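Asker: With the input below, show me the fold.
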Amino acid sequence: MRIGILPVGSVDPVMLTPIQQGLAKTFPDTACTIVKKGCPVPKSAFDRKRNQYSSSSILNEIRSYASQNEKFNRVLGVVDVDIFVPELNYVFGEAFCPGKAALVSLWRLKPQFYGEEAGLDVFLLRALKESIHEVGHTLGLMHCPKSLCVMHFSNSIFDTDKKQSLLCDQCYLQAALAISNLG
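Answerer: Down below sits the predicted model:
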């Protein structure tokens, strides 16, 4: 599998390399490339009433990029704005399940957002977990009932912190099968 990591808007490059390395370690036979020229956050995605961005609008831009870029099987957009879907107050990410495009937001993964001390290690681990989770959805993986599996749904940052950055055995086998079918 070939994953392109696409910065959307202004994203600290320090965050992208650990995501790149972590995705390559997690998914079998996977190469990850950080896309040098990112894309802007679509202005139309901003919702003034909520003071947030529609994750679906941004995800559609990523899907458009993915469909024009055949060198990647999957594209993970990374954005540093607060995102939502209409039925939830916020989301950490969104993906087409299955599909070629996924999105993760760094905004609510920052320890400072919760009044915690600014720990880069915690921030990087949260970003990696949510990136693995969203790429897993692109492979057709659903939410896992096992609370430690990275595919478990995160209703809050506490859920993200509790789960591991690994797929459980069942989810790993499903991901490996999906990846083998890409080729």
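
Asker: any idea which residue of this structure is furthest from its center?
Answerer: Here the centre of the chain is the reference, and by CA atoms, centre = their mean the most remote residue is Lys49, at 25.1 Å.

Asker: Can you tell me how far that one is from Gly4?
Answerer: Here the criterion is CB to CB, to the nearest Å. By it, Lys49 lies 33 Å from Gly4. All C-beta spots, glycine's among them, are computed from the backbone N, C-alpha and C.

Asker: before we move on, back to that, could you check how far the residue farthest from the centre of the chain is from Ala101?
Answerer: Lys49 sits 26 Å away from Ala101 when distances are taken as CB to CB.

Asker: Can you list the residue ranges for strands in this structure?
Answerer: Using DSSP state E, the strands of the chain run over 2-8, 31-34, 46-47, 52-54, 74-79, 83-84, 93-95, 101-105.

Asker: For these, could you give me CSV that also reports mean neighbour count, mean pLDDT and distance to Leu128?
Answerer: Putting the strands of the chain into CSV (neighbours: other CB atoms under 10 Å; pLDDT from 0 to 100; distance: least, CB to CB, whole Å) gives the following:
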stretch, mean neighbour count, mean pLDDT, distance to Leu128
strand 2-8, 23, 98, 12
strand 31-34, 17, 97, 12
strand 46-47, 14, 98, 27
strand 52-54, 21, 98, 22
strand 74-79, 28, 98, 11
strand 83-84, 22, 98, 18
strand 93-95, 25, 98, 12
strand 101-105, 29, 98, 9
